[in-house]
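[1] My questions concern the predicted model and sequence given below.
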Amino acid sequence: MKELKISLMGMGYVGLITGMAFAKHDFKVVVTDAISSKVEKLASGIPPFYEKNFEENLKDVIERGLLTGSTDNAAAVHDTDVTFICVGTPSRPDGSIDLSYIEAVAKDIGTALKDKKKYHVVVTKSTIVPMTTEKVILPILEEHSGKKVGEDFGLCMNPEFLREGAAVHDALKPDRIVIGQWDKKSGDALIKIYDDFNCPKLRVSIRTAEMIKYTANSFLATKITFANEMANLCERYNIDVYDVMKGVGLDFRISEQFLRAGAGFGGSCFPKDVHALVSSAKSVGVQTQLLDAVLAVNETQPLRLVELAKQAAGGVLKGKEVALLGLAFKPDTDDIRETRAVPILNALVEQGAKVRGYDPEAMENFKAAVDKPMVYAKSAKEALEGADICIIQTEWNEIKELTAEDFKSLMKTPVVVDGRRTFDDPQGIIDAGVKYLGIGWKNE
Ligand code: UDX
């Protein structure tokens with residue numbers, strides 16, 4: 001076991017997965033949370049959320065005594081050398097981020113540092129807009145500890161780039177590590193933790209690190225929206241946008257990544273982070289014309305699927321039975337945050353369609369959060385039974401495995417409206433007798 005000890009505050013997605021990765025690298029780790037039931041469950045190896053390959057890795061580090069949970073933030077600071085702030089930063093109605101959890105743990109850390117003799121480094125990992133570490137977290141730390149940054153304690157910002165569904169891989173084998181440091185001493189402590197992580201490591205100022213996270217997510221969201229706009233145009237020319245993007249993505253300056261046109265981006269990061277950056281820009285008097293457009297296109301894009309469904313139904317959706325396949329914001333997760341299935345369902349219901357939805361993992365979450373009328377099917381095939389139209393919102397494997405035969409034998413009329421280019425060979429499905437329409441497909 002390595003000498004340096006780590007605490008992480010916040011037993012959410014970022015705190016637990018990052019903590020597990022540090023423990024895998026042989027550090028002794030404590031993860032804290034204010035909710036005691038989460039801590040109790042963790043002791044028996046039960047994670048509070050689903051993530052691929054996570055449970056077995058978590059159990060392993062718990063059994064080896066490398067990772068423990070606690071509700072005691074002060075003890076966690078006292079017993080460790082570096083503390084990561086990993087609490088949530090939920091969106092406010094105006095798009096800005098709510099810092100109340102951040103402020104509460106900063107206060108706890110500051111108070112605990114008051115009577116700690118040894119040098120300690122505080123690291124922000126939560127996603128916060130530029131200047132938040134310096135303008136919000138630092139004053140709280142100094143006020144409650146009575147100590148001075150750079151002399152008595154260190155301060156860093158270390159953004160996370162975890163993708164849901166691949167977060168365990170991303171935490172163990174990141175493609176880069178960004179260290180925003182108050183001073184060299186703070187950064188040196190953090191770089192020690194990442195010593196045996198084999199990837200480029202970038203040392204920058206704290207506000208630069210904060211900005212890198214938002215810029216990366218805003219750019220990826222922009223790439224998706226760009227592909228979506230090209231898709232809508234390609235449809236009018238009867239061109240397959242996926243062929244176009246293959247040709248475009250082969251340019252190494254562009255790359256094929258995040259050019260998959262579809263129903264738009266959802267999830268816990270892209271919509272929230274772009275909104276937060278726009279709101280932060282506004283607060284400092286900067287106009288964000290491009291990012292405003294990225295968000296606007298993302299609102300109208302899912303409705304394109306409803307337009308295509310309407311077109312296939314001869315102009316009227318009222319009374320039509322629609323199978324809505326895929327409710328999660330992307331495959332391999334039960335997360336429905338900002339899923340494009342919600343605007344699709346709303347528009348279908350508004351137009352009088354009867355919707356039967358299905359998702360392999362996300363139905364419980366969807367049921368709990370969405371109150372629009374929808375019947376829930378037990379399988380993709382059950383959702384298709386007797387349907388007039390099938391709309392695909394998430395490209396789950398179970399949905400990819402559906403064949404032209406399934407659509408023909410189960411549906412009243414075999415019409416598929418694909419929001420995620422789910423099938424490798426749409427032309428094959430068309431040739432087998434299915435009416436196939438899709439985002440960026442040759443729909444004319
Ligand atoms: C994202 C970032 O990738 C990650 O680095 C960051 O830390 C958190 O946000 P995540 O939200 O888990 O990760 O999912 P991602 O795979 O990036 O997809 C986000 C959304 O964009 C999904 O709704 C997905 O369907 C959509 N998407 C993605 C597209 O529509 N087209 C693409 O080409 C890629």
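    Structure received.
[2] How about Tyr13: what's its closest non-neighbour residue?
    In space, not counting the residues next to it along the chain, Tyr13 is nearest to Phe49; the distance is 6.1 Å by Cβ to Cβ, 6 or more residues apart in numbering. In this view, the C-beta of every residue, glycine as well, is placed from N, C-alpha and C.
[3] near the ligand, which residues of the chain?
    In this structure, the chain approaches the ligand at residues 161-164, 217, 220, 224, 258-260, 262, 265-267, 269-270, 329-330, judged by Cβ under 6 Å from any ligand atom.
[4] what's the neighbour count on the residue nearest to Tyr13?
    For Phe49, the number of neighbouring residues by other Cβ atoms under 10 Å comes to 14.
[5] That one: which element?
    Phe49 is part of no helix or strand, with elements assigned from DSSP states H and E.
[6] ok, Glu350 - contacts?
    Not one residue lies near Glu350 by Cβ atoms under 8 Å, 6 or more residues apart in numbering.
[7] quick one: it from Gly319, how far?
    Using Cβ to Cβ, to the nearest Å, one gets 14 Å for the distance from Glu350 to Gly319.
[8] and if you look at Gly69?
    Taking Cβ to Cβ, one finds Gly69 at 53 Å from Gly319.
[9] neighbour-wise, which of these two wins?
    Between Gly69 and Gly319, counted using other Cβ under 10 Å, the more crowded position is Gly69 (21 against 11).
[10] For the helix or strand hosting the more buried one, give me every contacting residue.
    According to DSSP H and E, Gly69 maps onto strand 67-70. Contact partners of strand 67-70, identified using Cβ under 8 Å, 6+ apart, comprise 11, 19-20, 23, 29-33, 38-39, 42-43, 58, 61-62, 76.
[11] Any stretches of the protein with poor pLDDT?
    The model of the chain has no residue with pLDDT under 70.
[12] returning to what we had before: I'd like to know which of the residues of the chain next to the ligand are buried.
    With burial judged by 16 or more other Cβ atoms under 10 Å, the buried subset of the residues of the chain next to the ligand is 161-162, 164, 217, 220, 224, 258-260, 262, 265-267, 269-270, 329-330.
[13] Surely Val122 is within a helix?
    No: secondary structure of Val122 (DSSP: H, G, I helix; E, B strand; the rest coil): strand, not part of a helix.
[14] ok, it touching Asn158?
    No: counting by Cβ atoms under 8 Å, Asn158 is not a contact partner of Val122; they are 10.7 Å apart.
[15] More neighbours: these two, which one.
    Val122 (28 against 23).
[16] need the contact list for the residue of the stretch 101-250 of the chain at minimum distance from the ligand.
    Nearest to the ligand, among the residues of the stretch 101-250 of the chain, is Glu164, at 3.4 Å (Cβ to the nearest ligand atom). Glu164 sits next to Tyr13, Glu51, Gly267, Ser268, Lys330, Asp332, Thr333, Asp335 when contact means Cβ under 8 Å, 6+ apart.
[17] Closest to Thr89 out of these?
    Ser268 (10.6 Å; Cβ to Cβ).
[18] Just give the number of residues close to the closest one.
    A total of 19 residues lie near Ser268 under the criterion other Cβ under 10 Å.
[19] Which residue, other than its chain neighbours, is closest to it?
    Using Cβ to Cβ, 6+ apart, the nearest residue to Ser268 is Arg337, at 4.8 Å.
[20] need the longest helix for the chain.
    The longest helix of the chain (DSSP state H) is helix 206-237.
[21] Check the offset of it from the chain's centre.
    With Cα atoms, centre = their mean, to the nearest Å as the basis, helix 206-237 stands 14 Å off its chain's centre.
[22] any idea of the angle it forms with strand 120-124?
    20 degrees (axes from the mean of the first three to the mean of the last three Cα atoms, to 10 degrees).
[23] just checking, what packs against helix 206-237?
    If contacts are counted by 3 or more Cβ pairs under 8 Å, 6 or more residues apart in numbering; DSSP states H and E, helix 206-237 sits against strand 153-157, strand 177-181, helix 241-249, helix 270-283, helix 289-312.
[24] looking at these, which is closest to Ser205?
    Ranking those by their distance to Ser205 (criterion: Cβ to Cβ) puts strand 177-181 first, at 5.9 Å.
[25] partners of the closest one in the sheet?
    strand 153-157 (antiparallel), strand 201-204 (parallel) (DSSP bridges).
[26] What residues sit buried inside whatever helix or strand comes next after that strand?
    Once the chain leaves strand 177-181, the next helix or strand it forms, by DSSP H and E, is helix 184-193. Neighbour-count burial for helix 184-193, counted by 16+ other Cβ under 10 Å, picks out Ser186, Gly187, Ala189, Leu190, Ile191, Ile193.
[27] What of stretch 76-91?
    Across stretch 76-91, burial judged by 16+ other Cβ under 10 Å covers 76-77, 80-89, 91.
[28] Please save the CA atoms from it in PDB.
    Written as PDB, here are the backbone C-alpha positions of stretch 76-91 (Å, rounded to 0.1, in the frame of the first residue of the first chain):
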ATOM      1  CA  ALA A  76     -11.600  11.900   6.600                       C
ATOM      2  CA  VAL A  77      -9.500  15.100   6.300                       C
ATOM      3  CA  HIS A  78      -7.500  14.300   9.400                       C
ATOM      4  CA  ASP A  79      -6.700  10.800   8.400                       C
ATOM      5  CA  THR A  80      -5.600  11.600   4.800                       C
ATOM      6  CA  ASP A  81      -3.200  13.800   2.900                       C
ATOM      7  CA  VAL A  82      -5.300  14.800  -0.100                       C
ATOM      8  CA  THR A  83      -9.100  15.500  -0.200                       C
ATOM      9  CA  PHE A  84     -11.000  15.500  -3.500                       C
ATOM     10  CA  ILE A  85     -14.300  17.400  -3.600                       C
ATOM     11  CA  CYS A  86     -16.700  15.300  -5.700                       C
ATOM     12  CA  VAL A  87     -20.100  16.400  -4.700                       C
ATOM     13  CA  GLY A  88     -22.800  17.200  -7.300                       C
ATOM     14  CA  THR A  89     -23.500  20.600  -8.900                       C
ATOM     15  CA  PRO A  90     -27.100  20.400 -10.000                       C
ATOM     16  CA  SER A  91     -28.500  22.800 -12.500                       C
END
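[29] Please compute how far that stretch lies from its chain's middle.
    Distance, centroid of stretch 76-91 to centroid of chain: 20 Å (Cα atoms, centre = their mean).
[30] same check, this time on stretch 40-54
    That offset, for stretch 40-54, works out to 18 Å (Cα atoms, centre = their mean).
[31] And stretch 166-175, by the same measure?
    Chain-centre distance of stretch 166-175: 14 Å, with Cα atoms, centre = their mean.
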